[in-house]
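Asks: Dropping the sequence and predicted coords here.
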Amino acid sequence: MASRQVLCNTPEGLYCPAGDFYIDPWRSVRHAVITHAHSDHARPGMGTYTAHPLTIPILRMRIGETITARPLEYGEQIRIKDATVSLHPAGHVIGSAQVRVEVDGEVWVVSGDYKRQEDPYAAPFEVVPCDVFITESTFGVPVYKWESNERLSHDMNAWWRSNSERGITSVIYAYSLGKAQRVMGSVDTTIGPIFTHGSVESMNAVFRQAGISLPNSNLLDNKVDKDLVRGSLIIAPGSTDNSTWLRQAEPYASAVASGWMAIRANRRRRAADRGFAMSDHVDWPDLVRTVKETGAKRILVTHGYTAIFVRWLYEQGYAAQELHTMFGT
């Protein structure tokens, strides 16, 4: 059992008293350490943002060009008051990081969101030994086990090719940051051109400005010749489903790229024609493997199936608790 609270929950978010900083806070604070640039982890209103250099351009695009940001490379250690802090690859999306915090020789690691599948645009997950591991459990039940990237690519290409041969456009709904680019890197671009929604193309521009090579993509707007769109692949956020913007692509078939698609009932609840179980989060086997490999004896669980995973950890002999239960928030 850990001897002190290196990190604790507060109304502003996860706080380090020794360093006087917060990790992914949800309210305005003076100093925020950010795991990645998805909006549920990176919010406006912070005095200073410390993040990986590849995360900062996305923060500026999403939050504002005038934010004060401090870049921190993977593995680089900095001293923040009485705490030593470093970032380590999380494998979730571009620039995503775990946060290692050491105070008086005790090490806590905050995973942020993470995955261990290969991703051409995210640095591979790094196991960071620690005393206390704070882990997500978005898909923390045994039913969630991802297919290989090769299988996902095969299935997406077969679906797109079949649609294209019938003169039908293919639409894949995917998050604009991370998932959309992963879809682009998984498909066979000889089948046809790729068109994107503005939110996806804006994010693609950030990737390219960072020197990351993506497959060619084209912004889909009302200036595009419909004959060029027919049979193509369109990548767009799920919010565009049944939108006026998407009607210019008719006739089309749609698919959802999400880990939730691993469950048939979830696929039926979505109006899409197809579901691809592509996730940027860790699945059950890799969640269990990661906890073991960190060497941590105390595990705090947040996001998703927290109660189920905590119960399993407790049965395996870990000192495990739900993060919100432990801190009473």
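Replies: Yep, it's here. If you're wondering where the values come from, they're calculated on a predicted model, not measured in any experiment.
Asks: ranges for the helices of the protein?
Replies: Taking DSSP state H to define them, one finds helices in the chain at 56-63, 149-165, 179-184, 198-209, 226-229, 244-247, 264-269, 284-294, 306-315, 323-327.
Asks: so what's the most centrally placed residue in the chain up against?
Replies: Nearest to the mean C-alpha position of the chain, by C-alpha atoms, centre = their mean, lies H92 at 4.3 Å. Counting by C-beta atoms under 8 Å, 6 or more residues apart in numbering, H92 makes contact with 35-36, 112-115, 122, 178, 280-281. The way it works is simple: take the backbone N, C-alpha and C, and place the C-beta from them, glycine included.
Asks: Out of the residues you listed, which is nearest to S137?
Replies: Nearest to S137, judged by C-beta to C-beta, of those is H281 at 9.1 Å.
Asks: show me what contacts the closest one?
Replies: H281 touches 92, 113-115, 136, 138-139, 259, counting by C-beta under 8 Å, 6+ apart.
Asks: so where's the protein uncertain?
Replies: Filtered on pLDDT under 70, the chain yields the residue ranges 1-4, 267-269, 325-329.
Asks: what's across from the closest residue to P25 other than its chain neighbours in the sheet?
Replies: Nearest non-adjacent residue to P25, counting by C-beta to C-beta, 6 or more residues apart in numbering: G13, 3.5 Å away. Taking DSSP bridges as the rule, G13 bridges to T10.
Asks: Pull up the gap between G13 and E201, please.
Replies: From G13 over to E201 the distance is 32 Å, taken as C-beta to C-beta, to the nearest Å.
Asks: now do D188
Replies: Relative to E201, D188 is positioned 20 Å away (C-beta to C-beta).
Asks: now do A319
Replies: Going from A319 to E201 by C-beta to C-beta gives 47 Å.
Asks: For these two, indicate the residue with more neighbours.
Replies: With neighbours defined as other C-beta atoms under 10 Å, A319 and E201 compare such that E201 has more, 18 against 14.
Asks: Just to check, the more buried one is in contact with D221?
Replies: No - using C-beta atoms under 8 Å, E201 is not in contact with D221, being 9.6 Å away.
Asks: check contacts around S39.
Replies: R62.
Asks: make it 6 Å
Replies: Neighbour list for S39: empty [criterion: C-beta atoms under 6 Å, 6 or more residues apart in numbering].
Asks: Near the residue nearest to P25, how many other residues are there?
Replies: Applying other C-beta under 10 Å, we find 17 residues neighbouring G13.
Asks: and if you look at the one 4 residues further on?
Replies: By other C-beta under 10 Å, 16 other residues sit near P17.
Asks: and the gap between it and V103?
Replies: Counting by C-beta to C-beta, the gap from P17 to V103 is 9 Å.
Asks: joint contacts of E201 and D221?
Replies: When C-beta under 6 Å, 6+ apart defines a contact, no residue borders E201 and D221 alike.
Asks: What are the boundaries of the strands in the stretch 51-200 of the chain?
Replies: 69-71, 78-80, 83-89, 97-103, 106-110, 132-137, 169-173, 194-196 (DSSP state E, counting those that start in this stretch).
Asks: Using CSV, lay out the ones you listed together with distance to H303 and mean neighbour count.
Replies: As requested, the strands of the stretch 51-200 of the chain are exported to CSV (distance: least, C-beta to C-beta, whole Å; neighbours: other C-beta atoms under 10 Å):
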stretch, distance to H303, mean neighbour count
strand 69-71, 25, 16
strand 78-80, 25, 13
strand 83-89, 19, 21
strand 97-103, 14, 25
strand 106-110, 12, 22
strand 132-137, 4, 25
strand 169-173, 22, 26
strand 194-196, 28, 24
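Asks: In CSV: those, plus distance to P53.
Replies: Output for the strands of the stretch 51-200 of the chain, formatted as CSV (distance: least, C-beta to C-beta, whole Å):
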stretch, distance to P53
strand 69-71, 4
strand 78-80, 14
strand 83-89, 10
strand 97-103, 11
strand 106-110, 19
strand 132-137, 23
strand 169-173, 29
strand 194-196, 25
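Asks: The ones you listed: which one's closest to N266?
Replies: Nearest to N266 among the strands of the stretch 51-200 of the chain is strand 169-173; the distance by C-beta to C-beta comes to 13.3 Å.
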